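**Student:** sequence first, predicted model second:
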Amino acid sequence: MIVGHSGADADAVEQLLRRAGLIFMMKSVETMDAFIYALDESTPDIVLAECRMADINELVAIERVRQKSAELPIILITNTLGDQAAVALIKAGANDYILRDDLERLPAAIRRALIESQMVRARKQAEEALRASEERYRSLVVAISQIVWTTNANGEVTEDLPTWRAFTGQTAEQMKGDGWLAAVHPDDRDRVIAAARHLRAERRGL
């Protein structure tokens, strides 16, 4: 999506990006109403915003984009931009800015912004999947009456196990690592240790 460009400027940017080998569909808008409508109607991969716009303040444009998506990249194109203004725009949520005299840098900036956006999305998806998995595990442990736990590759307990604590009276700290063995009856301890070692050896052999 191209924001706030005149037809000639948009054509020039499009030609530059196509010469650089980028494959894309572009939408050019010149007013805030058109910009808001375009954001509502679709989710672009990137927003290019020119600072000398007819009625679009770049800070407002950035805010509207961030309301749409925290990961959607925004690159500003400007004739001049002082250090303070640049810092303000980056803090507001812009990913980068390109001076018109250095427009050839735009394709590389777009590629970098898209890669960073993909990495952020992938990290968030992984974090959400991990949280969901941990929540399912906690729900399982709390919901069933049997004692369920997980260990690391060495058979050491690394997470709190409420059902084990309730059954044995151990604290969360006492059961960590191999501490849970202290709650096993001395007559059964050697057998339990041998069984745990056998299970670990089988797992490593998979």
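**Tutor:** Received, thanks.

**Student:** what is the host helix or strand of Met119 packed up against?
**Tutor:** According to DSSP states H and E, Met119 maps onto helix 106-143. Here helix 106-143 touches helix 7-19, strand 74-78, strand 96-99, helix 162-168, going by 3 or more Cβ pairs under 8 Å, 6 or more residues apart in numbering; DSSP states H and E. For glycine as for every other residue, the C-beta is placed from the backbone atoms N, C-alpha and C.

**Student:** got the angle for that helix vs strand 74-78?
**Tutor:** Counting by axes from the mean of the first three to the mean of the last three Cα atoms, to 10 degrees, helix 106-143 lies at 160 degrees to strand 74-78.

**Student:** for helix 106-143, list every residue counted as buried.
**Tutor:** Within helix 106-143, the residues that count as buried by 16 or more other Cβ atoms under 10 Å are 106-107, 109-110, 113, 117, 141.

**Student:** got TSV for these, with distance to Ala70 and pLDDT too?
**Tutor:** Converted to TSV, these look like this (distance: Cβ to Cβ, whole Å; pLDDT from 0 to 100):
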residue	distance to Ala70	pLDDT
Leu106	23	92
Pro107	24	93
Ala109	19	93
Ile110	19	93
Ala113	14	91
Ser117	10	89
Val141	33	63
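
**Student:** any idea which element Ala49 lies in?
**Tutor:** Of the helices and strands defined by DSSP H and E, Ala49 is found in strand 47-50.

**Student:** what about Pro162, distance to Tyr137?
**Tutor:** 12 Å (Cβ to Cβ, to the nearest Å).

**Student:** right, I mislabeled it, should have said Ala85
**Tutor:** 49 Å.

**Student:** and Leu106, by the same measure?
**Tutor:** 47 Å.

**Student:** same check, this time on Val157
**Tutor:** From Val157 to Tyr137 the distance is 14 Å (Cβ to Cβ).

**Student:** where does this structure have low pLDDT?
**Tutor:** 1-8, 51-57, 81-83, 140-146, 148-149, 203-206 (pLDDT under 70).

**Student:** try it again with 80
**Tutor:** 1-10, 30-32, 50-60, 79-88, 137-155, 163, 199-206 (pLDDT under 80).
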